[in-house]
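A.B. asks: coordinates only, sequence not included:
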């Protein structure tokens, strides 16, 4: 039984290593790339664009797919022809890298702020900052009367 499990795991590992290099899995489909390309006249992703220019770009991408180009090659070709604005995502280099880093930095800053505020809130809830004021004599007498009436 143990030998069968080890053999199965070894086959699964080999499949994971070999699978990304097979040409059948490297082929790109049109729906896989059309949401990552912008229509340069509509300024919306190609998968929701409805214009003659969007149809022209779709035909061009289908021709590139038919030639057997990979997703990165297609995006590189389109970017070379129409500029980097044709891609829906900015490149992860140079100043465009801030499009990826700023949201992460803001999220981390908000998380840190939340942790600081939570720790302060928890400390103040333990009675550290609260000051108790004693009841006035007549209020204390009235409270005692009410508690006696309810049997406590």
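C.D. replies: Cool, the structure landed. None of these values were measured; they are calculated from a predicted model.
A.B. asks: worst-scoring helix or strand of the chain, pLDDT-wise?
C.D. replies: Of all helical and strand segments in the chain, the minimum by mean pLDDT, DSSP states H and E falls on helix 23-26, at a mean of 47.
A.B. asks: quick one: buried residues of the helix or strand just after it?
C.D. replies: Next along the chain after helix 23-26, taking DSSP states H and E as the criterion, comes helix 30-34. For helix 30-34, the neighbour count (16 or more other Cβ atoms under 10 Å) marks 33-34 as buried. Glycine gets a C-beta too; all of them are placed from N, C-alpha and C.
A.B. asks: helices or strands up against the helix or strand just after helix 30-34?
C.D. replies: Where DSSP H and E defines the elements, the next helix or strand beyond helix 30-34 is helix 52-66. Secondary-structure packing of helix 52-66 (3 or more Cβ pairs under 8 Å, 6 or more residues apart in numbering; DSSP states H and E): helix 30-34, helix 71-82.
A.B. asks: swap the cut-off to 6 Å and go again
C.D. replies: Packing partners of helix 52-66 (3 or more Cβ pairs under 6 Å, 6 or more residues apart in numbering; DSSP states H and E): none among the helices and strands.
A.B. asks: which parts of that helix are buried?
C.D. replies: Across helix 52-66, burial judged by 16+ other Cβ under 10 Å covers 54, 57-58, 60-61, 64-65.
A.B. asks: quick one, domains of the protein?
C.D. replies: Using automatic domain parsing, the domain ranges for the chain come out as 16-88, 92-119.
A.B. asks: Counting residues, which helix of this structure comes out longest?
C.D. replies: For the chain, the helix that runs over the most residues, judged by DSSP state H, is helix 98-124.
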